[in-house]
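**Student:** sharing a sequence plus its predicted fold:
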Amino acid sequence: MIKIAPSILSADFAKLGEEIKTIESADYLHFDVMDGVFVPNISVGIPVLESVRKITDMVLDVHLMITSPAKYTARFAKAGADIVVFHVEAETTENISAAIGELHSMGKKVGLTLKPGTPAEAVLPYIGKLDMVLVMTVEPGFGGQSFMPEMLPKITKLRQMIADCGNSSCEIEVDGGINPETAALCVQAGATVLVAGSDIFSKTDRAAQISRLRGFGR
């Protein structure tokens, strides 16, 4: 079954606890961290993650859009992240490998993210050890962008790479411009986790919209 991960960037932070309660039928809670350097925007960090961890049992899927992420992956894991995903473009090969090993030793899942301009092959050295690959279908840093259909072949290529290495548990997550129409395209291409922000949080009945998105994976 396809998993849905609402992005709290689209939630009302003045009542974040209440907002999270409205999307608890989803599979993951997507938590974007931006530093204003790796991407041209600044969002939330460890204190907010610690607060969110206290109010929900949802799986916290933390996406680090920051420079030198390997310095912080363990800290985010200790703060409550269940899955820590960071950008392959932001780290050295040595640091990526070390972070993967450290997170697994902590009992956490780990993934790597690809910007639109980064080819699928960038994660090939690590694919056998990853729990997730996140494909950005917009440029990271801002919400509300249009879905980039030219990313669909990358999803398909990653699905083949994962199959070839025998890592059947590795998920492919897609983030950016997801709605029922683009969700169907991503699932057809091989995605298994869909991140959606405004498409869920703009709805009055958010549980119904989560079910609608998930239905495109059946």
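**Tutor:** Perfect, I can see it now. Numbering: from 1, shown residues only.
**Student:** quick check: end-to-end length of stretch 78-94?
**Tutor:** By Cα to Cα, to the nearest Å, the extent of stretch 78-94 from end to end equals 22 Å.
**Student:** cool, and stretch 128-145?
**Tutor:** From start residue to end residue, stretch 128-145 stretches across 31 Å - Cα to Cα.
**Student:** what residues sit buried inside that stretch?
**Tutor:** Across stretch 128-145, burial judged by 16 or more other Cβ atoms under 10 Å covers 129-138, 140-141, 143. Every C-beta, even on glycine, is put in place using the N, C-alpha and C of the backbone.
**Student:** lowest-confidence one in those residues?
**Tutor:** Checking pLDDT across the buried residues of stretch 128-145, the minimum falls on residue 143 at 63.
**Student:** not counting sequence-adjacent ones, nearest residue to residue 7?
**Tutor:** residue 197 (3.8 Å; Cβ to Cβ, 6 or more residues apart in numbering).
**Student:** residues contacting the one you found?
**Tutor:** 6-7, 9-10, 30, 143 (Cβ atoms under 8 Å, 6 or more residues apart in numbering).
**Student:** distance of it from residue 209?
**Tutor:** According to Cβ to Cβ, to the nearest Å, residue 197 stands 12 Å off from residue 209.
**Student:** next: residue 146.
**Tutor:** On the measure of Cβ to Cβ, residue 146 and residue 209 end up 19 Å apart.
**Student:** looking at the two, which one has more neighbours?
**Tutor:** Between residue 146 and residue 209, residue 209 has the larger neighbour count (other Cβ atoms under 10 Å), namely 23 against 10.
**Student:** how would you label the more buried one: helix, strand or coil?
**Tutor:** Of the three states, residue 209 takes helix under DSSP: H, G, I helix; E, B strand; the rest coil.
**Student:** wait, doesn't it sit right on residue 203?
**Tutor:** Yes - the pair residue 209 / residue 203 is scored as a contact, 4.4 Å apart, by Cβ atoms under 8 Å.
**Student:** quick check: phi and psi on residue 96?
**Tutor:** Main-chain dihedrals, residue 96, degrees, to the nearest 10: phi -60, psi -50.
**Student:** give me the nearest residue to it, chain neighbours excluded.
**Tutor:** Using Cβ to Cβ, 6+ apart, the nearest residue to residue 96 is residue 126, at 6.3 Å.
**Student:** ok, now which ones touch residue 112?
**Tutor:** Shown in contact with residue 112 (Cβ under 8 Å, 6+ apart): 85-88, 96, 122-123, 126, 130, 132-134.
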